[in-house]
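Enquirer: Predicted model follows, preceded by the sequence.
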Amino acid sequence: QVQLVESGGGLVQAGESLRLSCAVSGSKLRIGVGTWYRQAPGKQRDLVASITLGGNTNYANSVKGRFTLSRGNAENTITLQMNNLKPEDTAVYYCNADVDDCSGFTCSSYGNYWGRGTQVTVSS
């Protein structure tokens, strides 16, 4: 069973940093397009950052210049480096990924999956 396993959330003070990781479980699986979303209490789930298989990134305006999304060399992990965190960054962060099965001669789409979410709390 495919799972996206998130790690790295926590409680920090404003101005500090956190690093969130999302890894796909399972042999010969890779993350194609990987995306982080966040949802604050009472609000909709919003896109934070996304990265393509080729490494092209896209960021929400509210995090540009502070957050950096990258891929691991094994292509089964994406990492969101969050610097200069602000109280308004407080939310549950969810990983979403298009997962590819690379067990064959070529890789093929395996499906789209969500992680369970990890809490990020930034105190002022």
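Expert: Structure received.
Enquirer: what about the closest residue to residue 114 other than its chain neighbours, which SS state?
Expert: Nearest non-adjacent residue to residue 114, counting by C-beta to C-beta, 6 or more residues apart in numbering: residue 96, 5.3 Å away. For every residue, glycine as well, the C-beta is placed using N, CA and C. Secondary structure, DSSP: H, G, I helix; E, B strand; the rest coil: residue 96 is strand.
Enquirer: I'd like the distance between residue 96 and residue 39.
Expert: 12 Å (C-beta to C-beta, to the nearest Å).
Enquirer: Report back the residue of this protein that's furthest from centre.
Expert: residue 105 (27.9 Å; C-alpha atoms, centre = their mean).
Enquirer: Against residue 36, how distant is that one?
Expert: 31 Å.
Enquirer: which ones are touching residue 98?
Expert: 31-34, 109, 111-112 (C-beta atoms under 8 Å, 6 or more residues apart in numbering).
Enquirer: And residue 47, by the same measure?
Expert: Contacts of residue 47 (C-beta under 8 Å, 6+ apart): 35-37, 58, 60.
Enquirer: And for residue 90?
Expert: 40, 120-122.
Enquirer: show me what contacts the residue most central in space within the chain?
Expert: In the chain, the centroid-proximal residue (C-alpha atoms, centre = their mean) is residue 36; its distance is 3.6 Å. By C-beta under 8 Å, 6+ apart, the residues touching residue 36 are 20, 22, 47-50, 69, 78, 80, 93-96.
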